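Enquirer: mind folding the following:
(one chain, ligands or ions: 1)
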Amino acid sequence: MTEPASLSTSSQSVKSLSVGLQRIDHVGIAVPDLDAAIAFYEGTFGMTCAHVETNEEQGVREAMMQVAPGVEGGAIQLLAPLRPDSAIGKFLDRSGPGMQQLAFTVVNIDATCAALRERGIRLLYEAPRRGTANSRINFVHPKDAGGVLVELVQPAADH
Ligand code: CMX
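Expert: Below you'll find the predicted structure:
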């Protein structure tokens with residue numbers, strides 16, 4: 001049986017389908033109280049808080065929690081709103097606490113955004129903005145990704 005070109009596993013086709021995703025960067029969880037959430041994930045699951053920061057532009061106070069020592073274990077990002085009209089404030093109001101986003105690490109966010117736009121996917125921002133630890137970020141609207149808010153993260157060069 002001949003496979004459709006788009007499903008072919010030949011290296012040529014895989015390469016042409018790639019948009020430059022490297023791995024899952026983190027899963028983002030909206031929480032009403034950051035300090036209480038950090039204490040919960042540390043005390044219940046034994047995670048480690050690796051980084052806390054406030055991002056005024058995004059309207060969040062956030063913490064990156066390492067699931068297990070080292071990057072291999074992956075991370076979750078706890079996101080608490082600075083204001084009710086922020087993205088996280090609106091999310092909590094509409095859906096309550098819970099998973100808000102799925103983030104992928106990319107090498108070159110400009111190239112990834114261009115490749116996704118070529119596929120007809122809309123990015124929220126015209127150009128990437130500043131994310132955690134000076135990363136560059138952009139988002140695919142959940143309406144264009146099967147109900148999942150997808151974040152693209154290009155880590156800062158020194159990370
Ligand atoms: N996951 C899945 N669906 C979501 C969603 C999410 N996180 N946020 C909104 N939606 C859905 C709503 O349920 C709604 O669906 P229905 O129309 O079926 O009811 C629809 O999207 C509403 O769309 P909207 O009117 O554009 O909704 P909002 O004003 O709430 O904005 C969004 C949604 C994604 C544009 C906004 O949250 C945003 O700009 N997000 C990107 C920035 C962000 O999330 N910053 C915080 C994290 C910062 C960081 O990661 O560093």
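Enquirer: how far away is Tyr41 from Ala157?
Expert: Computed with Cβ to Cβ, to the nearest Å, the distance linking Tyr41 and Ala157 is 29 Å. Just so you know, the C-beta spots here come from the backbone N, C-alpha and C atoms, and that holds for glycine as well.
Enquirer: so those two - more neighbours on which side?
Expert: Using other Cβ atoms under 10 Å as the criterion, Tyr41 and Ala157 rank with Tyr41 on top: 20 against 6.
Enquirer: for the closest residue to the more buried one other than its chain neighbours, give me its contacts.
Expert: Closest residue to Tyr41 apart from its sequence neighbours, by Cβ to Cβ, 6 or more residues apart in numbering: Met47 at 4.6 Å. Residues in contact with Met47 (Cβ atoms under 8 Å, 6 or more residues apart in numbering) are 41, 65-68, 76.
Enquirer: again, only this time at 6 Å
Expert: 41, 65, 67 (Cβ atoms under 6 Å, 6 or more residues apart in numbering).
Enquirer: list phi and psi for Thr23.
Expert: Just so we're on the same page, residue 23 is Arg rather than Thr. phi -170, psi 170 (degrees, to the nearest 10).
Enquirer: pLDDT wise, what is it at?
Expert: At Arg23, the model reports a pLDDT of 95.
Enquirer: gap between it and Gln101?
Expert: Counting by Cβ to Cβ - Arg23 and Gln101 are separated by 15 Å.
Enquirer: near the ligand at all, stretch 34-42?
Expert: No. Counting by Cβ under 6 Å from any ligand atom, the ligand is not contacted by stretch 34-42; separation bottoms out at 12.6 Å.
Enquirer: give me the buried positions along that stretch.
Expert: Within stretch 34-42, the residues scored as buried using 16 or more other Cβ atoms under 10 Å are 34, 37-38, 41.
Enquirer: can you put those residues in TSV and add secondary structure and pLDDT?
Expert: Formatted as TSV, the buried residues of stretch 34-42 follow (DSSP: H, G, I helix; E, B strand; the rest coil; pLDDT from 0 to 100):
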residue	secondary structure	pLDDT
Leu34	helix	98
Ala37	helix	98
Ile38	helix	98
Tyr41	helix	98
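Enquirer: closest to the ligand out of the residues you listed?
Expert: Leu34 (12.6 Å; Cβ to the nearest ligand atom).
Enquirer: can you pull the contacts of Ala50?
Expert: 64, 66.
Enquirer: and the helix or strand harbouring it, which strands flank it?
Expert: Using DSSP states H and E, Ala50 falls within strand 48-55. Sheet pairing of strand 48-55 (DSSP bridges) gives strand 60-66 (antiparallel).
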